[in-house]
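Enquirer: structure for the following, please:
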Amino acid sequence: ELRTPLNAVIGFSDIMRQKLFGDLSPKYTEYAQLIWESGQHVLDMISDVLDMSKIEAQKYELSLESFDLREPVSAALRLIRAAAHDKAIDIRSDMPQTPLGVTADKRAIKQICLNLLSNAVKFTPRGGLVTLILRRTGGEIEIVVRDPGIGISADDLSRIGQPYEQSGTAEQKAMGTGLGLSLVKAMAHLHGGRMDLASRLGEGTAVTVRMPVVHE
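Expert: Below is the predicted model:
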């Protein structure tokens, strides 16, 4: 009931912004783009709330499959580059040159990366650098996302990772639900893994997700 009307808004605004049925004035094209971007943002928030509801009700079931971990990580990087480009933020990745085989929920892995990268871009100042590292350590995989952003105070650090808890300015809090890191933490836990957060106020943040999902 939440997604269906929103998908109509996103779909029709996408048709308008791409001018599939004829030209539009520059101003109307700009408005169609804003409607589409806002619809995508609301849809992402709805998806986060629904996923967290399932997790809290213990009804979120992983859909396990075997795949190259680089695939969903690369997909998340492609999706986030547009938002990073708008802020002139450079995103760099360090991934293995050869396939990294895992057995996991591909959608959950992509969501983990998207949430970490989205947070990093949100809190990184214009012109900054966000780094994603993907590597194997023994039987575990590690996903590390670092940013040179505003960082998190010691008082806030203990709260972050709990549902609906946020840090940052009022404007930055209004950009999300406070579910990003709690979803990352919960999805890592469902895979038998964990999330570690290291941050100092004014010095940036590094989030590390470790999961024992490697297969030979």
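Enquirer: what's the single longest helix in the chain?
Expert: When the chain is parsed with DSSP state H, its longest helix is helix 26-56.
Enquirer: which SSE is immediately downstream of it?
Expert: On the C-terminal side of helix 26-56, the closest following helix or strand by DSSP states H and E is strand 64-68.
Enquirer: so for that following strand, what gets flagged as buried?
Expert: residue 67 (16 or more other CB atoms under 10 Å). For glycine as for every other residue, the C-beta is placed from the backbone atoms N, C-alpha and C.
Enquirer: CA atoms of it as CSV?
Expert: Taking Å, rounded to 0.1, in the frame of the first residue of the first chain, the C-alpha atoms of strand 64-68 are listed here in CSV:
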residue,chain,number,x,y,z
LEU,A,64,21.1,-17.7,0.3
GLU,A,65,23.0,-18.2,-2.9
SER,A,66,26.6,-18.6,-4.1
PHE,A,67,28.1,-15.7,-6.1
ASP,A,68,31.1,-13.5,-6.6
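Enquirer: can you start the count at 212 instead of 1 from here on
Expert: Taking 212 as the first residue, the last one we looked at is strand 275-279.
Enquirer: neighbouring strands - and their directions - for it?
Expert: The pairing partners recorded for strand 275-279 under DSSP bridges are strand 312-316 (antiparallel).
Enquirer: for whichever helix or strand comes after the strand it pairs with, buried residues please.
Expert: The helix or strand immediately downstream of strand 312-316 is helix 317-334, counting by DSSP H and E. Within helix 317-334, the residues scored as buried using 16+ other CB under 10 Å are 317, 319-334.
Enquirer: and helix 317-334, what does it pack against?
Expert: If contacts are counted by 3 or more CB pairs under 8 Å, 6 or more residues apart in numbering; DSSP states H and E, helix 317-334 sits against helix 281-297, strand 340-348, strand 351-358, helix 391-401, strand 415-422.
Enquirer: what's near enough to touch residue 239?
Expert: Residue 239 makes contacts with residue 227, as judged by CB atoms under 8 Å, 6 or more residues apart in numbering.
Enquirer: that should have said residue 351, apologies.
Expert: Contacts of residue 351 (CB under 8 Å, 6+ apart): 404, 421-425.
Enquirer: now swap in residue 340 and tell me
Expert: By CB under 8 Å, 6+ apart, the contact set of residue 340 is 300-303, 358-359.
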